[in-house]
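Undergrad: Could you look at this predicted model? Sequence included:
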Amino acid sequence: MTQRRVLPTTEKRNPRSIDIDARSTVEIVDLINAEDRGVPQAVAKERERIAAAVDLIVERFRTGGRLFYVGAGTSGRLGVLDASECPPTFGVSRSLVQGIIAGGRRALVRSIEGAEDYPDDGAEAVDRRRVGPTDVVVGLAACGMTPFVRGALQRARRIGAATVFVTCAPEAVRSAPADIVINPVVGPEVVTGSTRMKAGTATKLVLNTLTTTAMVRLGKVYGNLMVDLQAVNDKLRDRSVRIVMDVTGLSRSRARTLLRRAGGKVKPAIVMHSRRVDLSAALAILDECEQFLRRAIEGAAESKA
């Protein structure tokens, strides 16, 4: 007897959009917007599993590990995007968070759909990055079936790396080769199977939350300010000045002078001002406080008490 193949939720037809081609432009826009409104709620239901994944990532980072996203198509591009934004936002090395996409760099700008069909390629991609037991591999597969991603996760588990799987298909949860499965169920897409839509939005929300929360837990954020940013353009240089002004109460000209003395680094600049020390002493204080600016500043307040 032939076993009936279970169709993933992401491939099912959406009854609410079944006549989308007969609707007016504004009706189509309204329909898409209405469907998108359910995405944040679906992600919110996964809050505990997302938090568990963050704790796992932070634990591995603190032991010298790295984070790898592995995906194909939209999911792969979103992983590469999130990874590429971590260095300028949080001042981390480019090797700390890395994105792997089926088909390689060309697949970032051109669809290479067949690249996702080979699990051995996913395993080889993990090997090429020299993934080890201290690392975390996050597989991204909206439909849950992507062979490239499953091959990468299976290899990562054999190596001893921690594994996380992000999918919008509840049908894939039970067989997922991962320590933690994050499964925001957004339902069928407006255009059947077009997971670049709701599933892609859900995936981006999850990835943003994983890295942002991990970086906050590592002391890369003070209040809601990105105090470890890399000021590599005029916009970020101006933001650096404004952050120093906000935290210290200094004027713009004095904040600029302080930043120059700190080599353009926001966090040491603030410590230099708060503790009345030079750059080398500020760096030492930050090391003592495990790079948490709040602890360094509170230490200044305690010393004055």
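TA: Good, I have the coordinates.
Undergrad: for residue 191, helix, strand, or coil?
TA: coil (DSSP: H, G, I helix; E, B strand; the rest coil).
Undergrad: residue contacts, it?
TA: Residues in contact with residue 191, defined by C-beta atoms under 8 Å, 6 or more residues apart in numbering, are 17, 20, 197. (Each C-beta comes from the backbone N, C-alpha and C, glycine too.)
Undergrad: what's the neighbour count on the second one?
TA: Yep, that's residue 20 we're talking about. 14 (other C-beta atoms under 10 Å).
Undergrad: before we move on, what about the first one?
TA: Here the number of neighbours of residue 17 (other C-beta under 10 Å) works out to 19.
Undergrad: Begin at 54, not 1, for the rest of this chat.
TA: With 54 as the first residue, the last one maps to residue 70.
Undergrad: Ignoring the adjacent residues along the chain, who's closest to it?
TA: Excluding its sequence neighbours, the residue lying closest to residue 70 (C-beta to C-beta, 6 or more residues apart in numbering) is residue 243, at 4.5 Å.
Undergrad: Look up phi and psi at the spatially most central residue of the chain.
TA: Nearest residue to the geometric centre of the chain (C-alpha atoms, centre = their mean): residue 260, 3.4 Å. For residue 260, the backbone dihedrals (degrees, to the nearest 10) come out as phi -70, psi -40.
Undergrad: Next, work out how far apart it and residue 135 are.
TA: As judged by C-beta to C-beta, to the nearest Å, residue 260 and residue 135 stand 4 Å apart.
Undergrad: hmm, back to that, OK, contacts around the residue nearest to residue 70?
TA: By C-beta under 8 Å, 6+ apart, the neighbours of residue 243 are 67, 69, 70, 73, 84, 85, 88, 250, 251.
Undergrad: can you check residue 83 too?
TA: Counting by C-beta under 8 Å, 6+ apart, residue 83 has no contacts.
Undergrad: could you pull out the helices for the stretch 204-353 of the chain?
TA: Under the criterion DSSP state H, counting those that start in this stretch, the stretch 204-353 of the chain contains helices at 251-270, 287-301, 305-314, 319-328, 332-341, 346-357.
Undergrad: So for the longest one, what gets flagged as buried?
TA: The reference is to helix 251-270. The neighbour-count check on helix 251-270 (16 or more other C-beta atoms under 10 Å) flags 251-260, 262-268, 270 as buried.
Undergrad: Ok, the fifth one next?
TA: Neighbour-count burial for helix 332-341 flags 335, 336, 338, 339 (criterion: 16+ other C-beta under 10 Å).
Undergrad: Show the pLDDT at the last one.
TA: This points to residue 339. pLDDT for residue 339: 96.
Undergrad: isn't it right up against residue 321?
TA: Yes. Between residue 339 and residue 321 there is a contact at 6.6 Å, judged by C-beta atoms under 8 Å.
Undergrad: what residues are shared contacts of the two?
TA: Common neighbours of residue 339 and residue 321, using C-beta under 8 Å, 6+ apart, do not exist here.
Undergrad: domain parsing for this protein?
TA: As given by automatic domain parsing, the domain ranges for the chain are 63-270, 287-357.
Undergrad: Those: which one's closest to residue 278?
TA: Closest to residue 278 of the domains of the chain, according to C-beta to C-beta: domain 287-357, at 4.9 Å.
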